[in-house]
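K.L.:
Based on what follows, work out the 3D shape:
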Amino acid sequence: MSSLSRELVFLILQFLDEEKFKETVHKLEQESAFFFNMKYFEDQVQAGEWDEVERYLCGFTKVEDNRYSMKIFFEIRKQKYLEALDRNDRAKAVEILCKDLKVFSTFNEELFKEITQLLTLDNFRQNEQLSKYGDTKSARSIMLVELKKLIEANPLFREKLAFPVFKASRLRTLINQSLNWQHQLCKNPRPNPDIKTLFIDHTCNSNNGGRGPPPTNSSLAGPIPKAGVFPPIGAHGPFQPVVSPSAGAIAGWMATANPSMPHGAVAAGPPGLVQPPVAAAFLKHPRTPPGGPGLEYQMADSEHLMKRARVGPSDELSFSGSTHPPNVYSPDDLPKTVVRTLNQGSNVMCMDFHPQHQTILLVGTNIGEISIWEVGSRERMVHKPFKVWDLSACSMPFQTTLVKDAAVSVNRCIWAPDGSILGVAFSKHIVQIYTYNPSGELRHHLEIDAHVGGVNDIAFAHPNKQLSIVTCGDDKTIKVWDAVAGRKQYTFEGHEAPVYSVCPHSKETVQFIFSTAIDGKIKAWLYDCLGSRVDYDAPGLWCTTMAYSADGTRLFSCGTSREGDAHLVEWNESEGSIKREYTGFRKRSMGVVQFDTTGNRFLAAGDEFQIKFWDMDNLNMLTVTDADEKLPSRPRLRFNKEGSLLAVTTSDNGIKILANGDGQRMLLRMLESRSYEGSRAFSDTVKVPAIPGPLGPIPNASSSMASATERERMQTPISIGNLAETSKVVDIKPRIADGADNTKSWKLPEIVDSSHLKALRLPDSMAASKVVRLIYTNSGFSLLALASSAIHKLWKWQRNERNPSGKSTASIVPQLWQPTNGALMSNDVNENKPAEESAACIALSKNDSYVMSASGGKVSLFNMMTFKVMTTFMAPPPAATYLAFHPQDNNIIAIGMEDSTIQIYNVRVDEVKSKLKGHQKQITGLAFSQTLNILVSSGADAQLCIWNISGWEKRKSRSIQSPPGHPSSLVGETKVQFHNDQRHLLVVHESQIAIYDHQLECLKLWSPRESLSAPISSAIYSCDGLLLFTGFSDGAVGIFDADSLRLRCRVAPSAYISSSISSSNNTAYPMVIAAHPSDPNQFALGMSDGSVHVIEPADADPKWGGSAPQENGTLASNPSNSALNSQPSETPSR
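P.N.:
This next block holds a predicted model:
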């Protein structure tokens, strides 16, 4: 059967499971033998349905297939025999003995005789081996443990224990896409197509063609709402359920894993189809070769689809099988032309390109310094010498080591996957984590005393969907740290030598870590503290690093022996063996070979004063380059993400940048863009005078082409003491004063003029009515406002030469958009209460197709393309006051109500599942944390409640903390929002902004006073979670550091409201703030006068304000290279 046919069976299995055809699901599983449902098998065993157990098993294996299968069937039949004896059913026991167990006598006659003799005993527990046999239930559970280990080890079940990961209702989605496509091919497409059958292709003729025979199950299509395009069918729309991924198994390498591991559900799969446990051999090559052509489904509103819709009949997809041509490439695709040379000034130990900005290079050196280069312009954007931020927080062994020898080297520096933070591992004890702003600003985030001795490697991983830091060191351990707070999460012990490298990875829903030690051992770990899952020898038996191909399907390692021999190999992950070893290395060379992969095509390694390249599928070396000479014997190297640039170290403490054709064109475009932006920024700078502020005049002199040194000279210093005094932050930890390098950026602490930022008042031809809700679409292309008049307004930015991305910006005026029929998106209202006096709420679907909204009347579900009402529900009283989608299932909505309750509502079945009671006044805020599995609610009673989303029971409640000078018992609208880490909670009240932990303990609190003394009207996190945008009822906006609640800058109303408007309306203020979903510095204000403003920093200063100086500590590194060689470490220099 072809792979497409096999995948079709999985789609049918998912559909049957969603439609509750349980028996049919398992029948198809058994007949197709594509997926062994371990959960169903366990249930049948626990229920003692032995006939069904064997029937299901026989679809996958027979007794005589192999020793694993024989053992499986024997254990089942033995248990059935013992249960018959236990209930004194001798006749049944004899029948089982003769019919089922007799077959095993030919393999072990003595065992069969012993089983037969049990018939002669009054109680089979008199047999010594069965003396501990308990009751039936416990015996079945014990047997299941053994059965699962046997099934997982059985090669006949390999690749059959994991249900493929794909989105829920996938078959419905494909049908819906087909119907949309058919509708686009109609000669005269009707705006309200009527679907009557799936048995023939859709057309928009006067009738929909001949009717096929009526389907026996009409639930597939479901109710079809009237819309301009086909709405999703049945359960697929409008809200797709999502099942959280959970821990599963690791590779075939780990077939001997601990059987006590939990068996989690398949990510995004149907709830009844359960992912298998350990030993699922998923570390395989993909069924579809990488790079092969794929089908691109265009949505109905796609411009490309509209252009192609009437080209002609489309090719039909056949399930008879398909072939994929191999990737076509040549050595010219490799970056081999030297285009830049950078002078670092000290020996480069490691490099890493930014994952998004392809020309930004992070560099670490042997004297502990890190630099960030813009390789296109050759500009060193950041230079940081080694410095301990807080020596008092470090361990005594580390302090003692530094006193004896202050020389420190960078062993590894690396970007996080999204490029927002970076990590540095040093040769002594610590790692430092910085947050990074694309403008080049680094801010201290974490300093962790991680290991005793050197920290040899650092990496980032996402166990449990939470960003973590993985480190390894000379103390023979691997440790995992929370990337938000720096708390240690796991320690893995088992290596007998210093750990040299780590390679975190995931396969399907399983997260794991490979580690290598300098004794040549490779181990693998799950995030469960149950010990290593594999123990293999790496070629070379010394220093080895591991890396995956870009698509994560192929595993490579490069190891160097103590004698200097290099071994570059690809692993067969399902077997734990070497698949191929690449040739071309020089024997007995000095140093440790460094290697890297690019895309799914090439490998590169530094050897013999050259860079050597291999095709991943060919053992022989493809080509070499000496990069115009001056390379060390074994240079270090790093590709950028696209493989268009390659950074290589030189023998004179420099870096060469090699490029292919794409890389050269990218650098040229970047320079042209910078030249244009630089000239524009310069002209803007000339026109803008010095900016008055509480710290004195601040020159607006930063330029996009200015060097880092020039920028530092231009900027005005500020002390942490002054800043802390101004912002009145509760619980700010004091830091060590820094005697050197105390001049840091502090830009624009107060913005009072429109020339100091970019502000755009959005066009609006409708009647003015205060904006009560405001949200960006998830794409960032549009902004949706809900007015107190119950009318929605949608602004869309168009793609053009000035705005090629089409995303919202304050530089281009958007269109106040309406569908061609001129319809308004207006909420249902309560006849007994004016809409202006009713609470309003709004929530947007993840794909921006639907919006759910209420303004005192029924909750309405709108199609965002047509503005048509799809459905309404929840008629008042009570009225809905807040809406929040369940993070794991968009069919489930938490609805805060006017009567202080929270209703958990299932849209699909139109049913209230739970009703939560715990507040005294109406609900004003709801926030889910998928990581913590909780819902936090807030109300007009200023109370916070935590609810467990598994059973909806209340865990905890408390009143928000009162700031100094306020009544001890607060009331009033309270909003909540979880930080990106899903653990820290922003609480917003007119009296405060505060950060709480998941136990509702207040960690930080800021209350209005001095220059920001008006009550708070709204606040929200920036999309990266680093800033906090806060609106005040006098029209001012405060921008705070999200972690410390330190004020970065204040935006006065005069900066974004024109003088003519402000003079006619002195009371306008931001009622609601929205943060852009991808630009961390853009926000929008919904005003009390009905206007909407989009705000961004000025071009000359592309970020808000600046952070207070954070360079603390002493003990700058010793620049002596020779001192480094005296480090007391077993681990060789990288």
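K.L.:
For the stretch 101-250 of the chain, which residues score under the pLDDT cut-off?
P.N.:
Within the stretch 101-250 of the chain, the stretches with pLDDT under 70 are 205-250.
K.L.:
just the chain next, same as before
P.N.:
If you take pLDDT under 70 as the line, the chain has these spans: 1-2, 205-331, 588-590, 672-748, 1060-1066, 1106-1134.
K.L.:
how close does the residue sitting furthest away from the middle of it get to residue 95?
P.N.:
Most distant from the centre of the chain: residue 120, at 62.7 Å, with distances by CA atoms, centre = their mean. Going from residue 120 to residue 95 by CB to CB, to the nearest Å gives 17 Å. No exception for glycine: its C-beta is placed from N, CA and C like everyone else's.
K.L.:
Look up the closest residue to the residue nearest the centre of the chain, ignoring the ones flanking it.
P.N.:
Centroid check for the chain by CA atoms, centre = their mean gives residue 465 as the closest residue, at 6.1 Å. Residue nearest to residue 465 in three dimensions, not counting chain neighbours: residue 931, with 6.4 Å by CB to CB, 6 or more residues apart in numbering.
K.L.:
Ok, residue 791 next?
P.N.:
Once flanking residues are discounted, residue 791 sits nearest to residue 826: 5.1 Å by CB to CB, 6+ apart.
K.L.:
Surely residue 1021 is in contact with residue 979?
P.N.:
Yes: here residue 1021 reaches residue 979: they are 6.2 Å apart, a contact under CB atoms under 8 Å.
K.L.:
Overlap in contacts, those two.
P.N.:
Residues touching both residue 1021 and residue 979 (CB atoms under 8 Å, 6 or more residues apart in numbering) are 986, 1042.
K.L.:
tell me the contacts of the residue nearest to residue 465?
P.N.:
In this structure, residue 931 makes contact with 464, 465, 466, 981, 982, 983, judged by CB under 8 Å, 6+ apart.
K.L.:
Could you confirm the first one falls within a helix?
P.N.:
Yes: with the criterion set as DSSP: H, G, I helix; E, B strand; the rest coil, the secondary structure at residue 464 is a helix.
K.L.:
how much space is there between it and residue 483?
P.N.:
Taken as CB to CB, the span from residue 464 to residue 483 is 12 Å.
K.L.:
Could you check stretch 651-667 and say which residues are buried?
P.N.:
655, 656, 657, 658, 659, 660, 663, 666, 667 (16 or more other CB atoms under 10 Å).
K.L.:
With respect to residue 851, which of those residues is nearest?
P.N.:
Nearest to residue 851, judged by CB to CB, of those is residue 666 at 38.4 Å.
K.L.:
Does residue 52 belong to a helix, a strand or coil?
P.N.:
Assigned by three-state DSSP, the conformation of residue 52 is helix.
K.L.:
same check, this time on residue 173
P.N.:
Here residue 173 is recorded as helix under three-state DSSP.
K.L.:
that older thread, give the burial count for the residue nearest to residue 791, as a bare number.
P.N.:
By the criterion of other CB atoms under 10 Å, residue 826 has 18 neighbours.
K.L.:
which residues pair with residue 911 across the strands?
P.N.:
Beta-bridge pairing of residue 911 under DSSP bridges involves residue 906.
K.L.:
Touching, it and residue 903? I think so.
P.N.:
No: the pair residue 911 / residue 903 is not scored as a contact, 10.3 Å apart, by CB under 8 Å.
K.L.:
which of the two has more neighbours?
P.N.:
Set side by side, residue 911 and residue 903 show more neighbours around residue 903, with 19 against 9, by other CB under 10 Å.
K.L.:
What's the separation between that one and residue 428?
P.N.:
The gap separating residue 903 from residue 428 is 57 Å, by CB to CB.
K.L.:
Wasn't residue 145 part of a helix?
P.N.:
Yes: under three-state DSSP, residue 145 sits within a helix.
K.L.:
Who are the contact partners of the closest residue to residue 640 other than its chain neighbours?
P.N.:
Nearest non-adjacent residue to residue 640, counting by CB to CB, 6+ apart: residue 353, 3.9 Å away. The contact partners of residue 353, taken as CB under 8 Å, 6+ apart, are 359, 360, 361, 362, 415, 638, 639, 640, 641, 645, 647.
K.L.:
Out of the residues you listed, flag the one nearest to residue 1025.
P.N.:
Nearest to residue 1025 among these is residue 415, at 17.1 Å by CB to CB.
K.L.:
Pretty sure that closest one sits against residue 434.
P.N.:
No: using CB under 8 Å, residue 415 is not in contact with residue 434, being 10.2 Å away.
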